[in-house]
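# any chance you could fold what I've pasted below:
(2 chains)
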Amino acid sequence: MINLRYREKGTVIHRLNPFCKLAWVVSVFVLALVLDNPLFLFLLFLSTLPLVLTAKVWSEWTSFMKFAVYICLAIIVINALVSYRGEHVLAVAPFSIPVMGTPTITLEAILFGIAMSIRLLAIISAFAIITLTVNPDDMMLSMIRMKLPYKSVLVTSLSTRFFPTLIDDVERISDVQRTRCLELDKGRLPQRIKRSMSVIIPLLSNSLDRTVQVAEAMESRAFGSGTKRTFYRDIRTSRIDIVTLILALSPCALGILMLILGYGDYQYYPTLGGMNLSGLEWAMLPILALLVSSVVPLAFLKRRVDLD
Amino acid sequence: MIKIRDLTFYYGDASRPALQDVNLDIEDGEFVLVTGPSGCGKTSLCRCLNGLIPHFYGGEIAGGLEVQGLDVMRHTTREMATRVGMVFQDPENQLVSMDVQREVAFGLENLAFPRDVMAKRVEESLDTLEISGLRHRQVHELSGGEKQKVVISSVLALHPDILVLDEPTSELDPKGAEDVLSIVRRLNDELGITVILVEHRLDRVVHLVDRMIVMDKGKIIADGNPRAVLSNGDITSIGAGVPPIVRIVQRLRDNGVNVDNIPLTVKEGRAMLKDIFMGARGSTLSHTESADNGRPVIEIDKLWHAYPEGITALKNVNLRICEGEFVAVMGRNASGKTTLVKHINGLLKPTKGKVIVSGIDTRRATIAQLSRKVGFIFQNPNDHIFADTVEEEIAFILKNLGFDSGEIAARIDEMLEMFALKEFRKRYPRSLSGGERQRVAMASVLVARPRVLILDEPTRGMDYRLKSELMRFLNGYREKGNTVVLVTHDVETVAEHADRVVLLSEGGVVVDGNKRDVLSRALFFSPQINRLVQAFEKYGVPNNILTVDEALDILK
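Below is the predicted model of the structure:
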């Protein structure tokens, strides 16, 4: 079961300004897209780990990543099956498919699939860290500060709020229907779908009732009054936060620079390019890793500064 | 100050009025209890007070409605928010933020209070409810009682003059309910806030209030001092849940015994009824015959259960239940009650130990196989209901079990007859009233003719009339030699109807015995009548009397 619930753990990463964390995710995302070299991508993935450890969200993060690994396996298999470019042929099918040609599994296609997976893992890891360490209410506030309309942000935050409730509902209603001999894993598909209605219909009707009640309760606490609303908590951005923000964005700038200079490129097809990196590129590797994980020491520094 | 004049209201498509010719004046600082059977209009009355009717729930409205000098017809709910605070039944559906302190600030944010004022008000409201320790907690981690306190606190932050609470305790366990009610009382006593409280468990609140209003079919049928209102025996007949201690006095008066006043608490009852009980004959009640010599139908042997998350919910439970027994399973929240009964129909399988039902080991049987032996009724009938017609709803389990259509039709007819649902055969079950839906849910389980029926807190949120209807049915079912296992917090119901009580704590059985032994002479777990007669033991009154009928028998 994927565990996505935010928990207040009070670590330095949890306390970090949400804008810094958002900037950091943007950086990881941009780097993952501009870099092609599997070595760089793998390093990028590794650089997200210090945050996971510092934030003490290891078990939640692994439950998340387990799911991601399944997706990656699927990517590798599908890519190997449909991409016939590449010169090192490992297997050839005894038949051919019109338009696509003869199915061929090549070493290059498998390695390309693996590199794509590492790219995906780095992105998912970064998003997992954000979901697990940014208080959803803070996330909502950051969105509003970035000038997104309040009502759309509120709807998003309400769905996060009611997600656990919905899971409870599903479990409870499934229990009820199982006691009435509902066996979802038996029979043919149309029957199964028909029978699963016995869970879906009560779930939807209950949620509909719930929606009216939530609206009623919000209305009773003056929701939607004409005046521009204020916010109880504010995201205070101190000087150290701005430094962190800049550092969190720096890998992004570096990535764009590398894209222009052509560093981090890699050739997969038709034959794999070698790992003959220039001296500058070798130097880029540790710099990149350091910049991506630099938010960790800064988060500790922030706590020191806050205490003073 | 609330002034209601000849108020009549019809919901959008309703043919009968939800409120009819209501006239009501409530002074500042009053503590008013509103009660009546479900569907009597008490919720609609609450909705009028802050303008949810007519602004949120449309319909046809006539009459005058003035709250704190504002005409509600012309002021929206939002404008009323700083005058009337509303707390609803289910706290789960009133909380919109992830953490507690932002929830408390929600209303203030909506009204654009400056941040320093907000900080002060949030602090005050958290302190008033004594929940400042929860301020950084996530809402989904809180217990029901804690959630409801957060709701009250967030309403209070707007400094309303009037607090309206619509059955605020019906989703809570007794401890949570007690906490919430004592806080409401304090808000009225110490802050002078006008309180309007809807509640059908009268024994919890009737001694706290200044005034009691009883409604039925959209009309106010009684209004006044609680003692005066309760002196009127008709209240019982409309289905309000009159406390046992009041019922005994009403019945004594019917029998021509003169009792000057109506007691509202056990303490008052002991003082007022002392002379009457002094003349009682001294005999000990015999135990109702126990069904212990029947054949065992449920055998639970050294049962342990651990959930995958690592919580051990049951620790070495041994239990033998015989045919024809009516067993109540009681205990605090999270004491393992639900986990235990879910083992009886195979929804959960033992981690260690075994459960045998009618000779079948549940580890080796599917839920479907067990469903013909054990029926399970959950608390909320809305979780049961999904079909287009009542008939199909009842047929569902039989179709899953592969019955032929002739048998299905015959059994449906039998169920429709038994639960008085004939006229609803082709109706859409969700359009039925709460009580009717409960009957459909029961029929849809009992149609498989199980010999054991398990009910998980079925009476939560039920009014007195529905509760007695359910209990009448369960007694009838039991008399046919079937077994009933009832999970409940409701001591009074257990005292009246069960014959054996199993008390769980921390996943183990603490007490298991005849209800007379378990429920009498206890402090918290005794029914009101037992707490009353404990004082009269010295006059030879048996100390194991549990119900009004038994007490009256002694006095004959």
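# any idea how many residues pack against residue 157?
Reading this off chain A. Applying other CB atoms under 10 Å in any protein chain shown, we find 19 residues neighbouring A:S157. All C-beta atoms are positioned from the backbone trio N, CA, C, and that covers glycine.
# looking at chain B here, not the other one
27.
# B:I245 now?
26.
# which stretches in the stretch 1-150 of chain B count as helices?
Shown for the stretch 1-150 of chain B, the helices assigned by DSSP state H, counting those that start in this stretch span residues B:42-49, B:77-80, B:100-110, B:115-128, B:144-156.
# which one, of those, ends up nearest to chain A?
helix B:100-110 (3.5 Å; CB to the nearest CB).
# and the closest one, is it in reach of chain A?
Yes. Applying CB under 8 Å from any CB of the partner chain, one finds helix B:100-110 touching chain A at B:Q101, B:R102, B:A105, B:F106, B:G107, B:L108, B:E109, B:N110.
# B:K302: which of the residues you listed is nearest?
Nearest to B:K302, judged by CB to CB, of the residues of helix B:100-110 next to chain A is B:Q101 at 46.5 Å.
# ok, now which ones touch the closest residue to the closest one other than its chain neighbours?
Ranked by CB to CB, 6 or more residues apart in numbering or on different chains and with sequence neighbours excluded, the top spatial neighbour of B:Q101 is B:R135, at 4.5 Å. Applying CB atoms under 8 Å, 6 or more residues apart in numbering or on different chains to B:R135 gives the contacts B:D99, B:V100, B:Q101, B:L126.
# helices of the stretch 451-556 of chain B, start to end?
Using DSSP H, counting those that start in this stretch, helices in the stretch 451-556 of chain B cover B:464-479, B:491-497, B:515-519, B:528-533, B:548-555.
# returning to what we had before: export the helices of the stretch 1-150 of chain B to JSON lines and tack on mean neighbour count and mean pLDDT?
Shown next, in JSON lines, are the helices of the stretch 1-150 of chain B (neighbours: other CB atoms under 10 Å in any protein chain shown; pLDDT from 0 to 100):
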{"stretch": "helix B:42-49", "mean neighbour count": "24", "mean pLDDT": "95"}
{"stretch": "helix B:77-80", "mean neighbour count": "22", "mean pLDDT": "91"}
{"stretch": "helix B:100-110", "mean neighbour count": "25", "mean pLDDT": "94"}
{"stretch": "helix B:115-128", "mean neighbour count": "17", "mean pLDDT": "95"}
{"stretch": "helix B:144-156", "mean neighbour count": "25", "mean pLDDT": "95"}
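# need those helices in CSV with distance to A:I110, can you?
Putting these into CSV (distance: least, CB to CB, whole Å) gives the following:
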stretch, distance to A:I110
helix B:42-49, 65
helix B:77-80, 61
helix B:100-110, 49
helix B:115-128, 57
helix B:144-156, 53
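# just to revisit the earlier point, quick check: which of the helices of the stretch 451-556 of chain B is buried the most?
helix B:528-533 (a mean of 24; mean count of other CB atoms under 10 Å in any protein chain shown).
# which helices and strands sit right next to it?
helix B:244-254, helix B:266-278, helix B:491-497, helix B:548-555 (3 or more CB pairs under 8 Å, 6 or more residues apart in numbering or on different chains; DSSP states H and E).
# A:P164: which of those is closest?
Nearest of the helices and strands packed on helix B:528-533 (CB to CB): helix B:491-497, 31.4 Å.
# check what contacts the closest one and list those residues.
B:203, B:244, B:326, B:328, B:330, B:459, B:467, B:471, B:474-475, B:486, B:488, B:501, B:515, B:519, B:525-530, B:546-547.
# now do that helix: distance to the chain's middle.
13 Å (CA atoms, centre = their mean, to the nearest Å).
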